[in-house]
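Undergrad: sequence below, structure please.
(chains A and B)
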Amino acid sequence: EAQVTQNPRYLITVTGKKLTVTCSQNMNHEYMSWYRQDPGLGLRQIYYSMNVEVTDKGDVPEGYKVSRKEKRNFPLILESPSPNQTSLYFCASSGRQGARDTEAFFGQGTRLTVV
Amino acid sequence: AQTVTQSQPEMSVQEAETVTLSCTYDTSENNYYLFWYKQPPSRQMILVIRQEAYKQQNATENRFSVNFQKAAKSFSLKISDSQLGDTAMYFCAFIPFSGTYKYIFGTGTRLKVLA
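TA: Below you'll find the model as predicted:
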């Protein structure tokens, strides 16, 4: 089954404690990205990756890091989480522009609370 | 800057009735894709319908159809015979053929179907 697997689904942490949210896709997609969803703001892109070892900032990258060492995995790292990073996070993957698989496939979401 | 605007934060509709959700976007691109995604209370992002900008024919998927007006940069979603399971947040999204391959989302419309 084609899917994007994101873990954990829920996470409560304290300010400053490093955490990683994992994301893995089994569709051999080139493009992966991270979004955060906040009420009234929709989904905003944090980082994206066009392929292995190729990453770039989205609209709200401050306080986040990513890596793309393998095509299937794209973890999101919060080195020193702060309360303003409390949000719902989504990982998404898709093929390449011009291809029929332009549709983005989303993970199940991670509800992160930083206290 | 490319933007997507959903001007209706909340809507409600009676079961079996028809409802239209509005979406406008701003871009200088000529080729792009437009999407409607549904997010039920489970938080999962589900693709509802997709439209390629170079196609004049409006996309349809069962009870869901769009009214795509390229010149007006408008992309509304019509849900016919509304069902209780249609209750969800709906996001309009846009991705250009060229550039950074970034999905741009609207702020969402929360739809409630009333029994």
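Undergrad: now the residue positioned nearest the centre of chain A, what are its backbone angles?
TA: The residue lying closest to the centre of chain A (C-alpha atoms, centre = their mean) is residue A:34, at 2.7 Å. Dihedral pair for residue A:34: phi -120, psi 140, per degrees, to the nearest 10.
Undergrad: just give the closest residue to it, not the sequence neighbours.
TA: In this structure, residue A:34 finds its nearest non-sequential neighbour in residue A:46, 4.3 Å apart by C-beta to C-beta, 6 or more residues apart in numbering or on different chains. C-beta coordinates here come from the backbone N, C-alpha and C atoms, glycine included.
Undergrad: am I right that that neighbour sits in a strand?
TA: Yes: Residue A:46 sits within a strand when classified using DSSP: H, G, I helix; E, B strand; the rest coil.
Undergrad: separation between residue A:69 and chain B?
TA: Distance from residue A:69 to chain B, counting by C-beta to the nearest C-beta, to the nearest Å: 20 Å.
Undergrad: lowest average confidence, helix or strand, in chain B?
TA: Taking mean pLDDT, DSSP states H and E as the measure, chain B has strand B:104-105 as its least confident helix or strand, at a mean of 92.
Undergrad: any part of it near chain A?
TA: Yes: for strand B:104-105 and chain A, the contact criterion (C-beta under 8 Å from any C-beta of the partner chain) is met by residue B:105.
Undergrad: what is that strand packed up against?
TA: strand A:42-51, strand B:3-5, strand B:88-96 (3 or more C-beta pairs under 8 Å, 6 or more residues apart in numbering or on different chains; DSSP states H and E).
Undergrad: list the strands paired with that strand, with their directions.
TA: Sheet pairing of strand B:104-105 (DSSP bridges) gives strand B:88-96 (antiparallel).
Undergrad: buried ones in the strand it pairs with?
TA: B:88-96 (16 or more other C-beta atoms under 10 Å in any protein chain shown).
Undergrad: right, and the helix or strand after the helix or strand containing residue B:11?
TA: Assigned by DSSP states H and E, residue B:11 belongs to strand B:10-14. For strand B:10-14, the following helix or strand on the C-terminal side (DSSP H and E) is strand B:19-21.
Undergrad: what's the host helix or strand of residue B:37 packed up against?
TA: Per DSSP H and E, residue B:37 falls inside strand B:32-39. With contacts taken as 3+ C-beta pairs under 8 Å, 6+ apart, strand B:32-39 sits against strand B:46-52, strand B:64-69, strand B:74-79, strand B:88-96.
Undergrad: what does it contact?
TA: A:102-104, B:21, B:23, B:25, B:45-53, B:64, B:66, B:68, B:75, B:77, B:86, B:88-97, B:103, B:108 (C-beta atoms under 8 Å, 6 or more residues apart in numbering or on different chains).
Undergrad: what strands line up against that strand, and which way round?
TA: Counting by DSSP bridges, strand B:32-39 is paired with strand B:46-52 (antiparallel), strand B:88-96 (antiparallel).
Undergrad: so it versus strand A:42-51, what angle?
TA: 120 degrees (axes from the mean of the first three to the mean of the last three C-alpha atoms, to 10 degrees).
Undergrad: if we ignore the residues flanking it in sequence, what's nearest residue A:63?
TA: Setting aside the residues directly before and after it, residue A:63 is nearest to residue A:85 in space (C-beta to C-beta, 6+ apart), at 5.9 Å.
Undergrad: tell me which residues touch that neighbour, please.
TA: Contacts of residue A:85 (C-beta under 8 Å, 6+ apart): A:36, A:63-64, A:78, A:112, A:114.
Undergrad: what about 7 Å?
TA: Going by C-beta atoms under 7 Å, 6 or more residues apart in numbering or on different chains, residue A:85 touches A:63, A:78, A:112, A:114.
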